[in-house]
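Novice: please work out how this folds:
(2 chains)
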Amino acid sequence: MTVFRLIRGVAAIAMVCLTGAACTSTTAPSAADSGIRDLEFRTETFSGTLQVNGSGFYSFFVGQAGPAELTLAAIQTPGGAALSTPVGIGVGVPSGTGCPRTTSKVASPGLTAQLTVTLNPGTYCVAVFDAGNLTSSVTFAMRFRHP
Amino acid sequence: MKRVFRSTSFLALTSMLTGLSLAGCSPLGPSAVPSDLPSAALTIENFSGSLVVNGSSFYSFTVTEGGLTYVSLVSLKEAGADSEAQVTIGLGAPRGTGCLTTNTLSVGATGQLQLSGVTNPGVHCAVVSDLGTLTADATFSINIVHPK
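Specialist: Below is the predicted model of the structure:
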């Protein structure tokens, strides 16, 4: 009977130790453990000349699903004078000789993103186009950040 | 209209493959015959345009099933006349303002399937470039045969 009590006591102590050990060794699941990767973003720039009624596009690859931000940073005269003329910007998938847009808007140049879209992995394009406001060719600078 | 296009596409593919078979240079190897290619699973796209001296022009297309894609230069004309000049055709992926090629070939306008490459599902591009052989601005036509 005494031996039985002794064994039961040792077992109880062992359980406490094990429980304690389990509690102290538990850590919050890391991103690596869960298979979730932190999104890595890449920033690219697209600049050029936009003709009256014209358009241009730039293709890029998205490796991870996530948000892409498009910023029309500047519109200028060929001589370099800043303009606030709104032009069209958009995102699409390259097809044929162009970039059919799935999302677009008319925006004036600014410092913050004017267009944000969520993209799955794949090849996409950003486009800039004259929305009918240009009376002569301009230069543009666009910045976009994507996963 | 769609039916006409399908018929035209089928005829074009059949013509190209028959031509290759007769020439003994099937894209699928010596034992391949036209019937080896499941034409229903292929799409033919034509890309025609202008090519300036030392210029380049590309065309993007989407593949939903992996497989081999073939490109052929069907015609090349300089100043309106048939040209025997060699230009470069290529396959790649649209990047930046161009087509980042993974394989290229210098060819003349024979109409045969000249360049092939494996295309996985996704967006790809075919490009035609002049590396200095054109003496005048040209017009061209290329056919792209790719899996659907």
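
Novice: every contact and neighbour count from this point should use C-alpha atoms.
Specialist: Fine.

Novice: and the strands in chain B?
Specialist: B:42-51, B:56-63, B:67-78, B:81-82, B:87-95, B:98-107, B:115-119, B:122-129, B:138-147 (DSSP state E).

Novice: do the same with chain A
Specialist: Secondary structure of chain A by DSSP E: the strands cover A:42-50, A:55-62, A:66-76, A:82-83, A:87-92, A:101-107, A:115-119, A:122-129, A:138-146.

Novice: of those, which is nearest residue B:98?
Specialist: Nearest of the strands of chain A to residue B:98, taken as CA to CA: strand A:55-62 at 7.8 Å.

Novice: just to revisit the earlier point, closest to chain B out of the strands of chain A?
Specialist: Among the strands of chain A, the nearest to chain B by CA to the nearest CA is strand A:55-62 (4.6 Å).

Novice: roughly how far is the closest one from the heart of the chain?
Specialist: Chain-centre distance of strand A:55-62: 15 Å, with CA atoms, centre = their mean, to the nearest Å.

Novice: and stretch A:61-80, by the same measure?
Specialist: Put simply, stretch A:61-80 sits 12 Å off its chain's centre (CA atoms, centre = their mean).

Novice: list the contacts of the closest residue to residue B:63 other than its chain neighbours.
Specialist: Spatial nearest neighbour of residue B:63, chain neighbours left out: residue B:121 (4.9 Å); criterion: CA to CA, 6 or more residues apart in numbering or on different chains. When contacts are counted by CA atoms under 8 Å, 6 or more residues apart in numbering or on different chains, residue B:121 is found next to B:62-66.

Novice: tell me the one of those nearest chain A?
Specialist: Nearest to chain A, judged by CA to the nearest CA, of the contacts of residue B:121 is residue B:62 at 7.3 Å.

Novice: got a list of what the closest one touches?
Specialist: Going by CA under 8 Å, 6+ apart, residue B:62 touches A:95, B:121-124, B:148.

Novice: most neighbours among the residues you listed, please name it.
Specialist: Using other CA atoms under 10 Å in any protein chain shown as the neighbour criterion, residue B:124 leads these with 24 neighbours.

Novice: can you check the pLDDT for that one?
Specialist: Reading off the confidence values, residue B:124 has pLDDT 98.

Novice: and what of the one 10 residues further on?
Specialist: According to the prediction, residue B:134 has pLDDT 96.

Novice: how about the residues of chain A by chain B?
Specialist: Proximity of chain A to chain B, by CA under 8 Å from any CA of the partner chain, involves residues A:46, A:57-61, A:94-98, A:122-123.

Novice: among those, which two are most distant?
Specialist: Across the residues of chain A next to chain B, no pair lies farther apart than A:46 and A:96, at 19.9 Å, counting by CA to CA.

Novice: show me the shaky parts of the chain.
Specialist: Assuming you mean chain A. Where chain A drops to pLDDT under 70, the residues are A:1-36.

Novice: actually, chain B is the one I wanted.
Specialist: Across chain B, the ranges flagged by pLDDT under 70 are B:1-40.

Novice: count of residues packed around residue B:118?
Specialist: 16.

Novice: how about residue B:92, what does it touch?
Specialist: With CA under 8 Å, 6+ apart, residue B:92 has these contacts: B:99-103, B:124-127.

Novice: and the residue nearest to residue B:78 when sequence neighbours are not counted, how many neighbours?
Specialist: Sequence neighbours aside, residue B:138 is the residue nearest to residue B:78 in space, at 4.4 Å (criterion: CA to CA, 6+ apart). The local packing of residue B:138 (other CA under 10 Å) involves 21 other residues.

Novice: identify the bridge partners of residue B:138.
Specialist: Here residue B:138 sits in beta bridges with residue B:51, residue B:78, as judged by DSSP bridges.

Novice: for residue 108, grab the count of nearby residues.
Specialist: Picking chain A for this. 18.

Novice: chain B is the one I meant
Specialist: Residue B:108: 20 neighbours (other CA under 10 Å).

Novice: that one and residue A:80, how far apart?
Specialist: Plainly put, residue B:108 is 44 Å away from residue A:80 if you go by CA to CA, to the nearest Å.
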